[in-house]
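> sharing a model prediction with you, sequence too.
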Amino acid sequence: MYDIIVVGAGTSGCIIASLLSKKGFNVCIIDSKKADEVGNKVCGDALISRGIDSLRFEPHKSTVMNIASALRFHAPGIKPILLKTRVFLLDRFRFGQYFLHKAIDNGSLFLDRCKALAPIVKGDKVIGIKAKVGDSKNELYAKLIIDASGINAVIRRKLPKDWFLSKSIGKNDLALSYREIRKLKRSIDTEYCEVFYDRKVVPNGYYWIFPKGDDIVNVGIGTRMNIIDYNLKERFYKNIISNPIFTESEKLSHGFGILPISPPLSCSTASGFIVIGDAAKQVNPFIGEGIRPSIISAHIAAEIIENSKNFDQDCLWDYNVEFMKRLGAKHATFAAFGSFFEKLDYKEAKVLLSVFENKSYNFDDFEDFNISLLLIIKALFKGYKQIRSILKELAIIRSVRSIYKNFPDSPNKFLEWSYKVEQFWKDYL
Ligand SMILES: Cc1cc2nc3c(=O)[nH]c(=O)nc-3n(C[C@H](O)[C@H](O)[C@H](O)COP(=O)(O)OP(=O)(O)OC[C@H]3O[C@@H](n4cnc5c(N)ncnc54)[C@H](O)[C@@H]3O)c2cc1C
């Protein structure tokens, strides 16, 4: 019997295993992959630094290929908009391996090629998991199970349907992406992570070109999964790889990936159980950023677990409260804003973006939605006709942020809160 079993050795799983074993817990971390495949992940590889610096978390220099200074946002007919922030462009494989070895060095036991199949539940508590190693099925027991299995959410999805965790919201929950790593024949600017919003290329999505070095880029395209009625890879080649910077470039790797882009999961704990990372839908649904949230939530969870007398729902509850305060409220705000933005017609979206064009802003202000009245007046002068709708939208954003920030401080008040939240998204999304 372990103190803790972590299912999944991705970013969130390895970091929480590493933190908890350092605190003295007897941790077992499992992954269905072979040890030397951990870290292989189709991703944009861009880690935004905001919020991880205060955790004194900085990726080891051996795992960072470039540090950019801003996200540069492009749209047709609009001059680029800069969002200033430090962005680490990771060697994703090395980053994954680094944290796996850190977890092992801190004392975690790692079982590779071990596939979790389902939770073992006794009464209202999770007490273990069923897993498959090779051809043999096993049962592994622990005082606490942490589901960090990414988009699979293999344990969470199989918990009893009447538990709080199953109260999940959001209709268009998933995004599909295709991305390649390419070596270029020419040098590019390594300062900016380029993001392109062009509905003709990818409706309800965007494409990106991130510089991992002066001649290596991560280039990809992603959009909501439920509305794709075209071949995403064909679009990628026709509209992006046709760009002259890719002439004679060499494809180093490629692949499809799926990520959650819904509002955050309403509840991520049960007795004997916590879910973190993509498995808990902890991704910014507007920009598809999930590495930083995984890191932050692993730190929050590790602290709550350390201070938990036992691993009952009441003791673990503060993980929900803290996550919602630090990131969940922001993610919910972006889910609301994203839905508003997608519904704008092309002309309206362009006028709205033109208010910000050719300027630079701090990423923090963008993430905190610090939108001044002056900008709204500017939009009016630029010919944006739907001022009433944007004022209404800003009021909605404020209210959704406040709902999530005021996540109930005890499980007793959860059902009332989640009813309110579900009604909100039902009307809104
Ligand atoms: C195309 C794409 C581009 C992205 N770009 C960015 C970006 O630029 N910046 C950013 O911040 N985020 C980005 N993201 C999101 C980011 O990659 C994820 O949010 C982040 O990796 C989540 O980490 P995780 O630990 O929760 O899950 P994962 O990294 O997916 O790890 C889950 C682990 O669980 C294991 N596992 C799954 N099922 C089982 C099972 N049954 N038994 C045992 N093990 C299992 C898997 O093998 C895996 O190792 C992108 C995602 C995609 C798909």
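Received it, and whenever you're ready, just let me know what you need. Numbering: from 1, shown residues only.
> anything in whichever strand or helix holds Ile67 near the ligand?
Assigned by DSSP states H and E, Ile67 falls within strand 64-75. No. Against the ligand, strand 64-75 shows no contacts by C-beta under 6 Å from any ligand atom, the least distance being 10.3 Å. From N, CA and C alone the C-beta is placed, and that goes for glycine too.
> mind starting the numbering at 494 from now?
Okay, residue one is now 494; in that scheme the one you just asked about reads as strand 557-568.
> elements contacting the next helix-or-strand element following that strand?
Sequence-wise, the next helix or strand downstream of strand 557-568 (DSSP H and E) is strand 571-583. Packing contacts for strand 571-583, counted by 3 or more C-beta pairs under 8 Å, 6 or more residues apart in numbering; DSSP states H and E, involve strand 539-541, strand 557-568, strand 685-689, strand 698-706, helix 839-847, strand 853-855, helix 856-860.
> the stretch 594-743 of the chain: strands as residue ranges?
602-604, 607-615, 618-626, 629-640, 667-676, 685-689, 698-706, 709-717, 743-753 (DSSP state E, counting those that start in this stretch).
> in a markdown table: these, plus mean pLDDT and mean neighbour count.
Shown next, in a markdown table, are the strands of the stretch 594-743 of the chain (pLDDT from 0 to 100; neighbours: other C-beta atoms under 10 Å):
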| stretch | mean pLDDT | mean neighbour count |
| --- | --- | --- |
| strand 602-604 | 97 | 17 |
| strand 607-615 | 98 | 18 |
| strand 618-626 | 97 | 19 |
| strand 629-640 | 96 | 19 |
| strand 667-676 | 96 | 20 |
| strand 685-689 | 97 | 21 |
| strand 698-706 | 96 | 22 |
| strand 709-717 | 96 | 24 |
| strand 743-753 | 96 | 16 |
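> mind giving me the domain split of this protein?
Listed domain ranges for the chain are 495-535+542-558+584-663+758-822, 827-921 (source: automatic domain parsing).
> pLDDT averaged over the shortest one, what's the number?
It refers to domain 827-921. The average pLDDT for domain 827-921 rounds to 84.
> now it, how far from the centre of its chain.
19 Å (C-alpha atoms, centre = their mean, to the nearest Å).
> kindly report the same for the longest one.
Per C-alpha atoms, centre = their mean, the displacement of domain 495-535+542-558+584-663+758-822 from the mean C-alpha position of its chain is 13 Å.
> how long is it end to end?
34 Å (C-alpha to C-alpha, to the nearest Å).
> what about stretch 695-712, distance to the chain center?
With C-alpha atoms, centre = their mean, you get 17 Å for stretch 695-712.
> again with stretch 540-547
For stretch 540-547 - counting by C-alpha atoms, centre = their mean - the centre lies 14 Å from the chain centre.
> can I get it as PDB, trimmed to CA atoms?
Extracted in PDB, the C-alpha atoms of stretch 540-547 (Å, rounded to 0.1, in the frame of the first residue of the first chain):
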ATOM      1  CA  LEU A 540       5.600  27.900 -21.400                       C
ATOM      2  CA  ILE A 541       4.500  31.300 -20.300                       C
ATOM      3  CA  SER A 542       6.300  32.400 -17.200                       C
ATOM      4  CA  ARG A 543       3.700  34.500 -15.400                       C
ATOM      5  CA  GLY A 544       2.700  32.900 -12.000                       C
ATOM      6  CA  ILE A 545       5.400  30.200 -12.000                       C
ATOM      7  CA  ASP A 546       8.100  32.700 -11.100                       C
ATOM      8  CA  SER A 547       6.400  33.300  -7.800                       C
END
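> which residues touch the helix ranked longest in the chain?
If you go by DSSP state H, the chain has its longest helix at helix 880-898. Applying C-beta atoms under 8 Å, 6 or more residues apart in numbering, the external contacts of helix 880-898 come out as 757, 817-818, 821-823, 825-826, 829-830, 833, 845, 862, 864, 869, 872-873, 877, 910, 913-914, 917, 921.
> give me the buried stretch members for it, please.
Buried residues in helix 880-898, counted by 16 or more other C-beta atoms under 10 Å: Ile883, Glu886, Leu887, Ile889, Ile890, Val893, Arg894, Ile896, Tyr897.
> how about stretch 820-830?
Leu820, Gly821, Ala822, Lys823, His824, Ala825, Thr826, Phe827, Ala828, Ala829, Phe830.
> so how far is that stretch from its chain's centroid?
With C-alpha atoms, centre = their mean, you get 12 Å for stretch 820-830.
> and for the spatially closest residue to Glu835 that is not a sequence neighbour, the neighbour number?
Of all residues not flanking Glu835 in the chain, Asn697 sits nearest, at 5.4 Å (C-beta to C-beta, 6 or more residues apart in numbering). When neighbours are counted by other C-beta atoms under 10 Å, Asn697 registers 16.
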